[in-house]
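Asks: Provided below are the primary sequence and the corresponding predicted coordinates.
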Amino acid sequence: MRAVLCREWGGPESLRLEESDRMPLKANEARIRVHASGVNFADTLMIAGKYQVRPEFPFTPGLEAAGEVTEIGPAVRHLEVGQRVLAVLRFGGGYAEEIVLNADAVVPIPDRMDFVTAAAFPVAYGTAHFALTHRGHLQPGETLLVLGAAGGVGLSAVEIGKHLGARVVAAAGGPDKLAVADAHGADELIDYTSESIRDRVRELTGGLGADVVFDPVGGDAFDQALRAVNWEARMLVIGFAAGRIQSVPANLILVKNISVIGVVWGAQAARDPVLVSRNLAELLRWWESGRLKPVVAKTFPLAEAGRAMQALLSRRHAGKIVLEA
């Protein structure tokens, strides 16, 4: 089978589609013929050697994939050959024609969900759901500020926040991106290319500030948001797409009893794949009911994985980037 390989730390241009050996199958594993793979910011960090996990060379990036089960180990009970599924891969491997992984990290998808949509689903929605419920304890009636609200994970947070009963303030760069967030349920919009996040949030909340901040951006956006939060606010640190890892002033945390909370969904999936798979199954039921509407901005063939990553890093696209195998 063919897989995209990373042979040295670097940028997207270094990736190549090559022939690769098929993996043996263990008793608790499933083999999946991949039809589509989601592209995530974490993938770009992994090939640059900047991710929490540093695989041995050569390795294949890709934290999520969708396809058909072609083989299962004797200990697997919840899957069957021919089943359409999505999969979560903690250590990468999704940019390939075939994957082998722990069957507990594999979830059946609805009959009417196509593979591209399924591949765009688990990381974005899984992260947002885990962040807002398990880590952020978002409550009905609270104000949720979502930074990077037009990206894959940001849009997911907008939708899930609305479903959980929050007032959602979406912050993104430019009117086109904000229009997408608006269409997915945001109550208020902030264009941080022309407006101050801090001043606008204070204005929208009558000076109280946001109760929960969902932040996959970091840098200046986090700095502004920290100065526009309510008493006992929760700052959810998802990632640093802006490129600067911010320092958090302890005095500001102190004066309002603010909690700054790390969110690492991939590590949670590795520690407790059953919990994460159960949550994904619930989110898929929400999708079936029409409450979640994933946005796929652009697709690329597997051989153009480098171009797909560059499209993601350009931050020009609202929604997810997906590879088709």
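Replies: Right, received. Where do you want to start? Numbering: from 1, shown residues only.

Asks: and the longest helix anywhere in the chain, what's its mean pLDDT?
Replies: The longest helix of the chain (DSSP state H) is helix 273-288. Averaged across helix 273-288, the pLDDT comes to 92.

Asks: and the closest residue to L283 other than its chain neighbours, which of the three is it?
Replies: Among residues not flanking L283 along the chain, Y125 sits closest, at 4.9 Å (C-beta to C-beta, 6 or more residues apart in numbering). For every residue, glycine as well, the C-beta is placed using N, CA and C. Recorded secondary structure, Y125: helix (DSSP: H, G, I helix; E, B strand; the rest coil).

Asks: can I see the domain layout of this protein?
Replies: 2-121+294-324, 124-265 (automatic domain parsing).

Asks: partner strands of the helix or strand where E232 lies, parallel or antiparallel?
Replies: Per DSSP states H and E: E232 is located in strand 229-237. When pairing is defined by DSSP bridges, strand 229-237 lines up against strand 210-215 (parallel), strand 259-262 (parallel).

Asks: Check which helices and strands the least confident helix or strand in the chain by mean pLDDT is in contact with.
Replies: Across the helices and strands of the chain, mean confidence by mean pLDDT, DSSP states H and E is lowest for helix 265-271: a mean of 85. Counting contacts by 3 or more C-beta pairs under 8 Å, 6 or more residues apart in numbering; DSSP states H and E, helix 265-271 packs against helix 122-129, helix 273-288.

Asks: Mind listing what's buried along that helix?
Replies: For helix 265-271, a neighbour-count test (16 or more other C-beta atoms under 10 Å) marks W265, G266, Q268, A269, A270 as buried.

Asks: hang on, the earlier thing: I'd like the helices and strands packed on helix 265-271 written out as TSV, with mean neighbour count and distance to F214 added.
Replies: What follows is these, written out as TSV (neighbours: other C-beta atoms under 10 Å; distance: least, C-beta to C-beta, whole Å):
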stretch	mean neighbour count	distance to F214
helix 122-129	27	7
helix 273-288	17	16
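
Asks: Could I get these in a markdown table, plus columns for distance to A75?
Replies: Shown next, in a markdown table, are these (distance: least, C-beta to C-beta, whole Å):
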| stretch | distance to A75 |
| --- | --- |
| helix 122-129 | 23 |
| helix 273-288 | 14 |
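
Asks: I'd like to know which of the ones you listed is closest to R54.
Replies: helix 122-129 (19.1 Å; C-beta to C-beta).

Asks: After the closest one, which helix or strand is next?
Replies: strand 143-147.

Asks: orientation of whichever helix or strand comes after that following strand relative to helix 122-129 in degrees?
Replies: Next along the chain after strand 143-147, taking DSSP H and E as the criterion, comes helix 152-163. Relative orientation of helix 152-163 and helix 122-129, computed by axes from the mean of the first three to the mean of the last three C-alpha atoms, to 10 degrees: 40 degrees.

Asks: Show me what helix 152-163 packs onto, helices and strands only.
Replies: helix 122-129, strand 143-147, strand 167-172, helix 175-183, strand 210-215.

Asks: one more time with 6 Å
Replies: helix 122-129, strand 143-147, strand 167-172 (3 or more C-beta pairs under 6 Å, 6 or more residues apart in numbering; DSSP states H and E).

Asks: Export the ones you listed as a markdown table, with columns for distance to D104 and mean pLDDT.
Replies: Formatted as a markdown table, those follow (distance: least, C-beta to C-beta, whole Å; pLDDT from 0 to 100):
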| stretch | distance to D104 | mean pLDDT |
| --- | --- | --- |
| helix 122-129 | 13 | 96 |
| strand 143-147 | 30 | 98 |
| strand 167-172 | 32 | 97 |
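
Asks: between these, which one is nearest to N279?
Replies: With C-beta to C-beta as the yardstick, what comes closest out of the helices and strands packed on helix 152-163 is helix 122-129 (5.8 Å).

Asks: Point out the other helices and strands that that closest one packs with.
Replies: helix 152-163, helix 273-288.
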